[in-house]
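Chemist: Provided below are the primary sequence and the corresponding predicted coordinates.
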Amino acid sequence: MSNARNAIFAKIKAADAKRGKSSPADSRARLETPPAQLVPAMGKPAPEEARDIFITKALELGCTVADCESFADVPAKVSTYLQEQDCPGQVHIPDDADLSLLGWEDAGIAASSQLDAEALDGRTSVTRAIAGVAETGAVAVASSSKHPVSLGLLPDRHIFVLKVDEIKGGYEDVWRIGRAAKDNQGMSRALNLIGGPSRTGDIEATLVMGAHGPRTVHIILVS
Amino acid sequence: MHVTSEKFQDNAKAAIDDDQLQAGLFIFGKIFPLLREATASKLPEFEALRDSARDIKIEALNNLGTYLEAFEDRVEEAGGRVHWARTAEEANTIVEQLCEESGGKDIIKSKSMVTEELELNDHLIGKGYNVVETDLGEYIIQLRNEKPFHIVGPALHLNAGQVSDTFYEAHQKYGRTERVEDKVKLVEEARIVLRERFKNADVGITGANFLVAETGQIVLVTNEGNADLTATLPKRHIVVTGIEKVVPTLDDLSVFLRILARSATGQDTSNYVSLYSGPRRARDADGPESFDVVLVDNGRTDMLGTPVEEMLRCIRCGACLNSCPVFTTVGGQSYGSVYSGPMGAVWTPALASVSSAAKLPNASSFCGKCEEVCPVRIPLPSMMRHWREKEFEAHLTPSGQRWGLGVWAWLGRHPSLYRAATSIAGMGLRLIAKGRRGRRFVTALPFIGRGWTQSRDLAAPAEPTFLSQYKEGRRR
Amino acid sequence: MTAQTSTTDKRIGLFATCLVNTMRPRVGFAALKLLEDAGYDVAVPADQTCCGQPNYNSGDRESTRSFARGFIRQFADYDYVVVPSGSCAAMVKVHYPKLFEDDEPEKTAINAIAERTYELVSFLTDVAGIDRVENAHATSVTYHDACSGLRELKIKQQPRTLLGSVDGLELKEMEDSDVCCGFGGLFCVKYPDVSGEMVRKKSEEVAKTGAEAVVTGDVGCLLNIEGALARRGDPTRAYHVAEVLAGFDKEDAS
């Protein structure tokens, strides 16, 4: 359909000529070095406040939050959470050393690395994240060998393990992390900002949690 | 795009008499604007962000070619493909071919107004594909074979009972024979039924809220997470969207993310904001094997460089619909177009034709509330007036109205006759008015005035015209 | 009328508008009184007609330009043009310049007159500097924000300030005072069902306040709301804000 492409660009060019306002060189420069846009105060909280703001916002989005000292404490925290939720002590974890090397068995949890759709349906997943966003309370994840995107979509419960120093201010901080990780194919295939459990208001505008994705989102903050 | 906008008045009348539909309109007209104001008031920079958003879109449209080329290059670097479609037919054919390559027949879709505009589902179903919408609202109206009631809440004109009936009928084939009435259980039932469709789909089709030229990413914003499932589970991810969705950089995108959900549903953020580019990489643990972006023109380049170019800034938030006293009286389906409310009244004539859609830009009292809330500051009333001018130029304005306007303009050029005519009109009204509690009202007017007295009286003038009394020396 | 008791040497041309001229002449005399009390020399050019809005909003640009030219001929010589209508004032102030963007020298003349044109109440407060009217009236009113004045000319507080200064007058705000009443010029007869439903909602909000009268700044909206109230048998009166500020509403038997 290169005919279509040529035709569309020809019409764009014609409009450019009529308007006389296009500046390709400036636009290419904008792409090379993106100029900062207006970032509201909300998007750049003081670093010492980011953690508390993030927690408040995450709670507003319907997440639950727990904290612990170190990664070693994570399985116990997960176990507590699963008991509270009245769920079996079973989680699915990705191939991520941060999680796979933890003492799950000692905490009485069966950690599975099975990641196909049937296996994940209705279960609990535990994943890492690349950032927490104080501005919105969302958690940012990027697809990789350590992070299959479906782990945040198919299970009923999604537990994020996030280091306190991974909590950032706003969207721009996530973009910075994403850009820094670019390779010759660009940024990661998927960059998801997940703001709490899946929900819908499509029937009579009544908010119902657990539309398609996880019904609950739990965040374990590691200090 | 097929439109049935010429039936606007009849549709509107039926909608006004439909209590159920009016209850849905209450949510849009009353609740969403309150939520929007509440969330905007907590962001002091909201108005300044609207200015930035407008300016970024102006920049993007002024340099559309540069940004689209950059977007295309980045998508290809990421291993994806970009396809270009001038028309709905071209777009539908491209998507069909891509589906054919997949070798499967099962397609899942997440909500996309562009595919509604293209009537893509009808096309694919006609070619033997199973196409299932997965946004809950879209799924409901798909089962009912309706057009969206609102671009953000497609099924909010229905109550839980109607959804229950729809599911009861449609889900029998999946062995669900029990009638479910409760809203939570209805959502659960849809989740269970659609989960199976997600797991077994061959192709996932999404739209895109934005395209980022800097990175070649398509951006999806939802609350349900259905777009992410659509973009992740099937072997093939096809993105169908309009060429005007491109924004230059991620920093520019932030501005839109900060105003979109606030304007649409009064949320600080939507629950899922996702950026995708290219198919599954070598290092990825999951994701589709192919990633195709179909960029659709379908009338958009015709708007470039014209007075309605500004409409291309639209981010489909629906704030103008919620603020519109006409939309919140008649609902989306009255417009006979997938795009309704003020934005639909401007888009529809551009994408269809002035002759088929002239009823829409005329269905406005020009109250200006849409322009007041539009996050990208589109001067919607001016754009509607532009289409009225095109209608007038093409002699499509109803002949009675045209004649009346001609007479009025002629009186405007002959002040003494204007004074005589207004005096006679005033006298006529006084003559046919009937007294009521010391005041005099006309209760039935002929000709065009019938529209007035159909639902209200007309207070007759109490005295001769102002100009005639002034001429005779009255000053107070 | 206070703040300005001294006379000024500024001359005002009063543009009555077709609806005031034909349907509610008393609004014109109320405007005259308010402006003269404020110390201005006011004249009513005899050959004024319409601002051209019906044609403009029907897409008939050329006829509208001829209305605008007629307007200039009538009002070019005045220091100010004052209009007892937000919608007709906005037509001159906001829309006339758009009709002559590419036409010098008309453009200059139009821009100059647009700059000197004001809606009545905002003129009284913003230009004449009046913040209260000396007038006592034991009644209650609710104020409807007519759309053009509100959104194109930012008239919101001015009428409330002046109404609030009337001794004994109580302002009872209605819900959605800033939502269109459904008049919209020819809209109300081209889309009678939609317009009828809009004004039904509006008259319901008016009735809910229990105010004795609804007050607004545009005769089109006034006739629309008044007619809908009358049709439902509601005795609530409808006034132009100038009628109340000038005390003319007191002439009416209640």
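Modeler: Perfect, thanks for sending it. Residues are numbered from 1 along each chain as shown, chains lettered A, B, ... in the order given.

Chemist: now the helices for chain A?
Modeler: When assigned using DSSP state H, the helices of chain A occupy the ranges A:2-19, A:24-32, A:47-60, A:74-84, A:97-100, A:117-120, A:171-180.

Chemist: what does the fourth one rub up against?
Modeler: I take that to be helix A:74-84. Under the contact criterion CB atoms under 8 Å, 6 or more residues apart in numbering or on different chains, helix A:74-84 has outside partners A:64, A:66, A:68, A:88-91, A:99, A:102-104, A:106-109, A:124, A:126, A:159, A:161, A:218, A:220, A:222. Where C-beta positions appear, they are placed from N, C-alpha and C, glycine not excepted.

Chemist: what about A:T80, how many neighbours?
Modeler: Counted with other CB atoms under 10 Å in any protein chain shown, the neighbours of A:T80 add up to 14.

Chemist: domain ranges for the chain?
Modeler: Picking chain A for this. Listed domain ranges for chain A are A:1-35, A:44-222 (source: automatic domain parsing).

Chemist: switch to chain C, please.
Modeler: Per the record, chain C has its domains at C:11-126, C:132-251, by automatic domain parsing.

Chemist: can you tell which of these is closest to chain A?
Modeler: domain C:11-126 (15.1 Å; CB to the nearest CB).

Chemist: is the closest one anywhere near chain A?
Modeler: No - Domain C:11-126 is not in contact with chain A by CB under 8 Å from any CB of the partner chain; minimum separation 15.1 Å.

Chemist: distance check, the residue in chain A positioned nearest to chain C against B:K57.
Modeler: Of all residues in chain A, the one sitting closest to chain C is A:K18 (15.1 Å; CB to the nearest CB). Per CB to CB, to the nearest Å, A:K18 is found 18 Å from B:K57.

Chemist: please apply the same query to A:S188.
Modeler: For A:S188, the distance to B:K57 - CB to CB - is 27 Å.

Chemist: out of the two, which sits in the busier spot?
Modeler: Under the neighbour definition other CB under 10 Å, A:S188 and B:K57 were set side by side, and A:S188 has more, 28 against 24.

Chemist: so what's that one up against?
Modeler: So, once contact is read as CB under 8 Å, 6+ apart, A:S188 ends up touching A:A142, A:S143, A:S144, A:G178, A:A181, B:R281.

Chemist: so what's the residue count around the spatially closest residue to C:M91 that is not a sequence neighbour?
Modeler: Residue nearest to C:M91 in three dimensions, not counting chain neighbours: C:C51, with 4.4 Å by CB to CB, 6 or more residues apart in numbering or on different chains. Using other CB under 10 Å as the criterion, C:C51 is surrounded by 28 other residues.

Chemist: and what of B:V338?
Modeler: Other residues within reach of B:V338 by the criterion other CB under 10 Å amount to 24.

Chemist: so in the chain, where's the weakest helix or strand by average pLDDT?
Modeler: All of this refers to chain A. helix A:117-120 (a mean of 92; mean pLDDT, DSSP states H and E).

Chemist: can you look at chain B instead?
Modeler: Taking all helices and strands of chain B together, the one with the lowest average confidence (mean pLDDT, DSSP H and E) is strand B:434-436, at a mean of 83.

Chemist: ramachandran coordinates for the closest residue to A:R215 other than its chain neighbours?
Modeler: Here the nearest residue to A:R215 in space, its sequence neighbours aside, is A:D156; by CB to CB, 6+ apart that works out to 5.1 Å. Main-chain dihedrals, A:D156, degrees, to the nearest 10: phi -80, psi -30.
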